[in-house]
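In: What shape does this take:
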Amino acid sequence: QVQLVESGGGLVQAGGSLRLSCAASGLTFSTYAMGWFRQAPGKERKFVATINWSDDSTSYADSVKGRFTISRDNAKNTLYLQMNSLKLEDTAVYYCAARRGVNRIVASVYDYWGQGTQVTVSS
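Out: Reported below is the predicted structural model:
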């Protein structure tokens with residue numbers, strides 16, 4: 001079965017950096033578009049970044065553009081999210097997701113989800 005396992009979350013001070021990883025198994029990773037989403041307490045899940053399978057083209061939410069970088073290593077079946085200049089409002093559970101086809105920013109079209117990793121940014 002398909003498994004997506006996030007790691008790399010934690011507690012960091014504002015202005016700091018974290019690198020999230022998402023290890024995928026049970027699917028042909030190189031043929032899936034991948035995305036990162038996040039959900040803060042009491043709020044709906046929101047798009048963060050996505051990367052296409054065919055050309056590694058990327059899209060970012062305006063709130064993270066210029067600070068976060070999504071990337072993938074198809075040889076390792078792993079998705080990454082490098083997060084720099086973290087802000088208090090980046091605090092959330094971060095989820096990776098996979099879908100067949102081109103990348104999209106809408107969560108509902110993703111086929112598989114990880115369990116999430118907590119990122120907490122402190123002042």
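
In: going forward, measure contacts and count neighbours with C-alpha atoms only.
Out: OK.

In: Count the neighbours of the residue nearest to Thr69 when sequence neighbours are not counted for me.
Out: Spatial nearest neighbour of Thr69, chain neighbours left out: Gln82 (5.0 Å); criterion: CA to CA, 6 or more residues apart in numbering. Counted with other CA atoms under 10 Å, residues neighbouring Gln82 total 14.

In: nearest residue to the residue sitting nearest the centre point of the chain other than its sequence neighbours?
Out: Nearest to the mean C-alpha position of the chain, counting by CA atoms, centre = their mean, stands Trp36 at 2.3 Å. Residue nearest to Trp36 in three dimensions, not counting chain neighbours: Cys96, with 4.6 Å by CA to CA, 6+ apart.

In: Now stretch 14-21: buried residues?
Out: For stretch 14-21, a neighbour-count test (16 or more other CA atoms under 10 Å) marks 14, 17-21 as buried.

In: returning to what we had before: go ahead and list the helix or strand containing the residue nearest to the centre of the chain.
Out: Using DSSP states H and E, the element containing Trp36 is strand 32-39.

In: Right, I'll call it a day here.
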